[in-house]
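Novice: Test case, fold it:
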Amino acid sequence: MKTIKYVYWEDEGMWLGYLAEYPDYMTQGGTLDELKENLKDIYKELTSSSIPSVRKVAELKVS
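Specialist: Alright, predicted model coming up:
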């Protein structure tokens with residue numbers, strides 16, 4: 001099982017969030033558990049190669 005980071009917050013009774021590695025793909029849920037399920041679904045879609053031109057965040061070491 002893989003662990004992935006996500007960013008989330010509550011706004012006017014809805015839970016909003018996105019996967020840290022894919023900040024362009026935000027989702028929402030009526031509860032925190034629903035948001036987590038939606039984030040899992042997005043992760044599956046983004047990593048399945050079914051969506052073209054997926055933007056990602058990465059780190060680069062520089063001196």
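Novice: rest of the way, CA atoms for contacts and neighbours
Specialist: OK.
Novice: So residue 9: helix, strand or coil?
Specialist: strand (DSSP: H, G, I helix; E, B strand; the rest coil).
Novice: Please tell me I have it right and it contacts residue 15.
Specialist: Yes. Under the criterion of Cα atoms under 8 Å, residue 9 makes contact with residue 15 at 5.8 Å.
Novice: who has more neighbours, those two?
Specialist: Counted by other Cα atoms under 10 Å, residue 9 and residue 15 do not tie: residue 15 has more neighbours, with 19 against 11.
Novice: After the helix or strand hosting the more buried one, which helix or strand is next?
Specialist: Per DSSP states H and E: residue 15 is located in strand 14-19. Downstream of strand 14-19, the first helix or strand assigned by DSSP H and E is strand 22-29.
Novice: Grab the CA positions of that next one and hand them over as CSV.
Specialist: The C-alpha coordinates for strand 22-29 follow below in CSV (Å, rounded to 0.1, in the frame of the first residue of the first chain):
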residue,chain,number,x,y,z
TYR,A,22,-1.1,16.8,-8.6
PRO,A,23,-2.3,20.3,-7.4
ASP,A,24,-4.2,21.1,-10.6
TYR,A,25,-6.8,18.4,-9.8
MET,A,26,-9.0,19.5,-6.9
THR,A,27,-12.0,17.7,-5.6
GLN,A,28,-14.6,18.0,-2.8
GLY,A,29,-16.7,16.0,-0.4
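Novice: Can you list the neighbours in contact with that strand?
Specialist: Strand 22-29 has contacts (Cα atoms under 8 Å, 6 or more residues apart in numbering) with 14-19, 34-35, 38-39, 42, 55-57.
Novice: Same question for stretch 45-63.
Specialist: Counting by Cα under 8 Å, 6+ apart, 20-24 sit against stretch 45-63.
Novice: Show me how far that stretch is from its chain's centre.
Specialist: Distance, stretch centre to chain centre, for stretch 45-63: 12 Å (Cα atoms, centre = their mean, to the nearest Å).
Novice: got the CA positions of it in PDB?
Specialist: As requested, the backbone C-alpha atoms of stretch 45-63 are provided in PDB (Å, rounded to 0.1, in the frame of the first residue of the first chain):
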ATOM      1  CA  GLU A  45      -7.300   8.100 -12.800                       C
ATOM      2  CA  LEU A  46      -4.200  10.200 -12.900                       C
ATOM      3  CA  THR A  47      -1.800   7.300 -12.600                       C
ATOM      4  CA  SER A  48      -3.700   5.000 -15.100                       C
ATOM      5  CA  SER A  49      -2.400   7.000 -18.100                       C
ATOM      6  CA  SER A  50      -6.000   7.500 -19.300                       C
ATOM      7  CA  ILE A  51      -5.700  11.300 -18.800                       C
ATOM      8  CA  PRO A  52      -3.300  12.900 -21.300                       C
ATOM      9  CA  SER A  53      -0.800  15.700 -20.300                       C
ATOM     10  CA  VAL A  54      -1.100  15.300 -16.500                       C
ATOM     11  CA  ARG A  55       0.800  18.000 -14.700                       C
ATOM     12  CA  LYS A  56       2.900  16.900 -11.700                       C
ATOM     13  CA  VAL A  57       5.000  18.500  -8.900                       C
ATOM     14  CA  ALA A  58       8.600  17.400  -8.400                       C
ATOM     15  CA  GLU A  59      11.700  18.500  -6.600                       C
ATOM     16  CA  LEU A  60      15.000  19.500  -8.300                       C
ATOM     17  CA  LYS A  61      18.400  19.600  -6.500                       C
ATOM     18  CA  VAL A  62      20.500  22.600  -7.400                       C
ATOM     19  CA  SER A  63      23.800  23.900  -6.100                       C
END
